[in-house]
Every structure is written in structure tokens, then in C-alpha cells.
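> Give me the fold of what follows.
(3 chains)
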Amino acid sequence: MSASATANRDPAADPLVQVRGLTAVLSGKTVFDALDLDIARGSVTAIMGPSGTGKTTLLKHITGQMHGAAGQVLVDGQDVVRLPREGLYRLRKRIGYLFQNSALLTDYDVFENVAFPLRAHARLPEDLIRNVVLTKLQAVGLRGAARLLPSELSGGMARRVALARAIVFDPMLILYDEPFVGLDPIALNQVLKLIRTLNQELGITSVLVAHEFEAVREAADHVHLIAGGKRVASGAPEDLVRADSPWTAQFFGGALEGPVPFQYPAPPLARDFGFVGATA
Amino acid sequence: MNPRRSYAAGTGLFILLGFAALAYLATQTTSLVNFESGPSYDVTAEFTNIGGLKDRAPVKLAGVRVGTVKSIVLDQKSMDAKVTMAIADRYDQIPEDSYAKIMTSGLLGDQFISLSPGGSPTNLKNGSVLDNTQSALQLEDLIGKFLTGSGGGKSSSSNKP
Amino acid sequence: MKQFVARVFDPLLDGLADVGRTGWFFIGLLLALPRGLTYPRELLRQIWFVGAKSLIIIMISGLFVGMVLSLQLYYTLSIFGGTSALGTVIALSLYRELGPVVTALLFAGRAGTAITAEVGLMRATDQLSAMEMMAVDPLAFVASPRFLAGLIAMPLLVAVFNMMGLFGGHLVGVTWLGIDNGTFWSNMTGNVSVWKDVISGEWKALAFGALVSLIAVYQGYSAPPTSEGVANATTRTVVSSSIAILALDFVLTAFLM
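Below you'll find the model as predicted:
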């Protein structure tokens, strides 16, 4: 089974993540409406879409932190929704997750943050932990910062430490939640390069939630555009820009009006201003 | 010093201090102090009234603790209180005809047994009985005596002033 | 009228719902407790944070409470001519009542708020989610050690508080007011019992420690991930803990002592 999976590297035939008919309602608002989506093995897939369409929520569904009202989320063939806690935790050990705000444990220094998953899950000799942690820190270029506290790190450094922590168990999948937000061009390029290196050299499947199209174009093989709870477009970044869908036109063209309205749904302006007599 | 080790040491110190405080409170400020742990021998005495004497009250001779009250029971034949005292073995030179008296430390203080040495050449030993006793002083009796005159020959039950 | 009723009853219902949710949280916490014991280093660290770091305030407060107690009780006892009982009354007041209650109130203010703010910020900065993503249960790694630390630290803090209180009481009573040193101690040792007074006070301490750290961890755990949310949760920790301590104290005193 696994031999055939590795032999036939047809990404379409054996996706690592399959989302089928996912429907989710969050405080009365429908976030996903029968969403279908595949993440191919070994790919870098970007999830893009207007703010508030639930891209981060989608990542949380993939990791089983949230459960939808209907539909399936399969990760490596396992239904995340139906997994018991132990199974879910076993699965999560094989998934790295990079939080938008890095979410480093503020009580611990950089070294201990990266060592945290190792200490929590395996009784390893201290030398081995040290070697693994320093190797991962070397990979993100922060071996020298091992004894700094999270409060002493810049945003870009914190994100790289979080990345080192996410890859400490050599995961099969990494989920990046807005990895480029708030980074200066240098730090952004460092993170970008890391994402590509991890994908190319270790073959880690990567899912990227991001808004920066230039960076996505550099990093991703494939883009899913989500809007209104559905997948409205998919394809290689270059193809999407050229596609003549109103969604892609608005999103990548940046037009003010389009399928995504500028105005949040509201009652007529006149009523809010108190001119009731005219219409009521 | 390794920061982790320093707070581990601090935590250990804290726990130690806490238990030391608890041990101090439990053993030095409670009736456990009165608990004679060494070897002892039992002596009994009968009192017509023991007042507020309690188990584990101290037994003193010349103000020095020599033992504790071990048990207090009512002897139904004589209708007296029979008090058993545990006297520490090292005080083995107390005359047999010593005098036992229930006294109060202070006006509202606790009651204890005070021994006054007699002159007998034989000493108290396990199972000895103290014949000379004086009961606890009753505040009410005292007041009654005072009111009916210091002679106090008659303490009438119907108190008519 | 309807509005008035709502204004009175809504906070009551909210409070009741909070009690219920704390109860549910407690059950989850108890289930996670055995797994929490697999992080002894974290437990040690939390005993340091909630226990050792509360020591100074507990010692100073204990000293002053003992000194005041000595002055007040000396005055009261002197009315009845019973100042020789000063040591006993100080010890009994401390062991049975003031030690556990005052220590618990101080503990809620010093350690409870710190726990709530810390856990609330961990929630707000996704540290709890990050743990879940690293397959570490935050109930076992974050909540359990803090709860256990409160349980362990409180009885020890109460013992230290009582000792300091006794010292302060002795200082004022014997050194200042001139009560005989021997009378002070012998009266106390004659009337204070280990089980009925010292140990029963420690049971109270244990119960208060569990109560305060449960409320503190729950409030932090359920705080909305905003600065206002964490601030409110911290306030609620102090308010809820104080009320709960005093109410539980009455129940324990009435039925157990």
C-alpha cells in the first residue's frame, strides 16, 4: 500500500488532505458551505481568499481543533472528525503548525521551546535532545539564539523558532497560518526560502494561508481561492492570475467592487439615519 | 547557576520550611507537649471532685512536670473520681505518702495535679495509691463560704442571704 | 419592572452558570490529573511560583495579624481577668480560623491572579492551541500542575502564617504587655489539640487551596483572548475566590469542626 503510494507519485490520485462537503457554522454565520478541497502530497498549496472567509478556520478543521457540522476531513486517509483523542494526538505529532503569532511558550527560552515536543513525548537522553534541537535551530539559522527568551526575539526570528519547533518531529505536513504577515522584506525572504527548502529537501507537504500574492507565487505550486464558503478557483498561481473568473479578477486585480462587496451587509442607509417615514 | 536548579532548590526549601512550621505547631504548641513519651509508672488517686481536670493535664512536683494525667474514671462504689497518673520513670524517689492536690494555673487557667512530698522512706511505684488528696477548689463553694461568713461551718443548701 | 427583574436576576444566573461551568471544568481537570503528574518538573516550577513566591507576604501578614490579635484579645480577656489564657486564644483563633482564611484570601490575591493572568495570556497568544497542536493536553500540562501546586502550597503557607502569627502574638503579649512567658505557653499547650485544632485547620487550608487554584485556572482558561477579557477574568478570580472561601469556611466550620 505504502509502496504503491510512493511509487505512483500522482498527486491527484492520492492527496494527503481531502476535504469533502465540509460545512461549518460559527456563531450563526456559515463559514463553509459544502467545501471540497484536496492537498496533494509533496506539494506547496496556498489557500487564499478575502479576509474573513475562514482560511485559518480551515486549518483548524484539518488539525481537528474544530469540527464542522457536516462533511469529512481526511488526513492521510484518517477521518479527523471521528478520530478519538489518542488517535488525533498521534496524527498531530506528524503535523507541524505555524501560528500567526508564533505562539512560543513565553516561560521558556528558544532551546526549550524547540525541545518542548521532544520532552513531552519521548524520554530521550539529554545529548540526543540537544543534538536534535541544535540541528533544527541550525536549519532556521538561529542556533546562536538558543538561550534567548521569546520576548527578546524579533517577529521574524520568533516565526523561525516556531518553524524549528514545528519540524522537530520531521512531520509529513506543515500548516502555515499567515507566515508572512508583519515581516520586513528580508525576514519575509528568509521564511519563504525556509518553506521551499523544507518542501524540496525533506518532501514535507505544505499548506500556506497567505495574502501576499508575490510571496505565494514564489512558494506555492498550487493555489485554492476560497470565497463565500466555497472553493471558487484552483490552479497554479500563474494560471489563476490569467483566469477570467470574476473572483480571481477582483482578488488579484484588487478591484473595489465585485463578487465581494465593499459594504458589509446592512439595512438601507436611510433607515439607519432615521428617515423611517420614507420607506416604512 | 542553572536557573532551573535554583528554583528547584527554592521550591525544596519552601516545602521544607512549610513542613518544619507545621511540625513545630503540632508538637510544640499543643497538648502533645504534655505527652510523656518515655517510660513511666502508674499511680492512682481518688478525689471527691476533680473540677475541670482533663486527660493529659500535667502532674507537677514543686512546679516541675513529673508526669501526666492518664485517665479519669468514676469509682461507682465510693462515688469518687479515680485519676490515674503516669509518672516518668526517672522520678522514682517520690515518697509514698505524698499529697496530691488539684490546682488551677491562674484564675481561669487550666487545672493540674500538684504533688507535695511527704516524709515516708518508701517511694511510689507502679500501682501505688495516693491517699492524701485535696479536690479542686470550687469557685462557687468559695463564694458561698465568703457570703455565709468566713467560719463556714455550715454550708446550707438553701442560701438565704 | 421587567427590566428591574432582569437586572437583578441576570447576574445571578450568570454567576450560577459560572459555578456550573467551573464544576464541569473541575471534572475535566480531575480526569487530566494523572497525566498531569507526568510533568513533575512543571509541578515543581508551579509550587515555586504560587508557594515560595507568596511566602514573604504570608509571613509579614501573619506577623501583623498575630500582633493585632494579641492586643485585641488581651483587652477582651482583661475584662474577665483571664489574660493568662491569651496564648490559647491566639493559637485557637489562628489555627482554626484566621490562618486558613486570611492565607487563602492573600493566596487568591497573590497567586490566584497570577495564575489567571498567565493562563489567560497563554490562551490569548495561542500557546494553549500550540500545545494542543503539539499533541500536549493543556489540561494536563498547564492546568493540572497549577491546581496541584495550589493544593500543596496552601497547607504549608498556612503553617508558616500560623507560626508567624504566634510569634507576633507572643511578641506583643509577653514582651510588650508583660504576660508571663510560662503562662502563655503552658496555657496554650494545655488547651490546643493537634487533631481538633492544628490538623482541622490544615484540612481547611487544603480545601481552600483546591478552591482558589481551581477558580484561578478556570478563569484563565476561559478568559476571552483580549486584554479586557484577561483583566476581567483576573478580577473575577479575586471576587469569586473570596466569596467562595468565606462560604466554604462557614460550611466546613459548621459541619466538620
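
> Following the chain onward from the longest helix seen in chain A, which element is next?
Looking across chain A with DSSP state H, the single longest helix is helix A:185-202. Later in the chain than helix A:185-202, the nearest helix or strand by DSSP states H and E is strand A:205-209.

> Skipping adjacent residues, who's closest to the residue in the stretch 151-257 of chain C that chain A sits nearest to in space?
Per C-beta to the nearest C-beta, residue C:225 is where the stretch 151-257 of chain C lies closest to chain A, at 10.6 Å. C-beta here means a position set from N, CA and C on the backbone, and glycine is covered the same way. In this structure, residue C:225 finds its nearest non-sequential neighbour in residue C:124, 3.8 Å apart by C-beta to C-beta, 6 or more residues apart in numbering or on different chains.

> For that neighbour, give me its contacts.
C:223, C:225-227, C:229-230 (C-beta atoms under 8 Å, 6 or more residues apart in numbering or on different chains).

> and the gap between it and chain B?
Going from residue C:124 to chain B by C-beta to the nearest C-beta, to the nearest Å gives 25 Å.

> For residue C:233, see how far away that residue is.
Per C-beta to C-beta, to the nearest Å, residue C:124 is found 10 Å from residue C:233.

> again with residue C:11
Using C-beta to C-beta, residue C:11 is found at 16 Å from residue C:233.

> Show me which of these two is the more surrounded one.
residue C:233 (23 against 10; other C-beta atoms under 10 Å in any protein chain shown).

> Quick check: the more buried one is in a helix.
Yes - per DSSP: H, G, I helix; E, B strand; the rest coil, residue C:233 lies within a helix segment.

> Contact partners for it?
For residue C:233, the contacting residues are C:116-117, C:120, C:219-220, C:222-224, by C-beta under 8 Å, 6+ apart.

> Just the buried residues from the residues you listed, in ChimeraX please.
Buried residues among these (16 or more other C-beta atoms under 10 Å in any protein chain shown), as a ChimeraX selection:
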select /C:116,117,120,219,220,222,223
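
> For chain B, which segments count as helices?
Counting by DSSP H, chain B has helices at residues B:3-28, B:139-147.

> so what secondary structure elements neighbour the first one?
For helix B:3-28, the helices and strands in contact under the criterion 3 or more C-beta pairs under 8 Å, 6 or more residues apart in numbering or on different chains; DSSP states H and E are helix C:40-50, helix C:144-170.

> Is any residue of the longest one near chain A?
No - taking C-beta under 8 Å from any C-beta of the partner chain as the criterion, helix C:144-170 and chain A are apart, separated by no less than 11.9 Å.

> picking up where we left off before, is the residue of the stretch 151-257 of chain C closest to chain A in a helix, a strand, or coil?
Assigned by three-state DSSP, the conformation of residue C:225 is coil.

> about what we covered before: ranking the helices and strands packed on helix B:3-28 by mean neighbour count, which comes first?
Stretch with highest mean neighbour count among the helices and strands packed on helix B:3-28: helix C:144-170 (a mean of 27; mean count of other C-beta atoms under 10 Å in any protein chain shown).

> list the buried ones in the helix or strand just after that one?
Using DSSP H and E, the helix or strand that follows helix C:144-170 in sequence is helix C:181-191. Residues of helix C:181-191 classed as buried: C:183-191 (neighbour count, 16+ other C-beta under 10 Å).

> Repeat that for stretch A:240-260.
Quick answer for stretch A:240-260 (16+ other C-beta under 10 Å): A:240-241, A:247-248, A:250-252, A:258, A:260.
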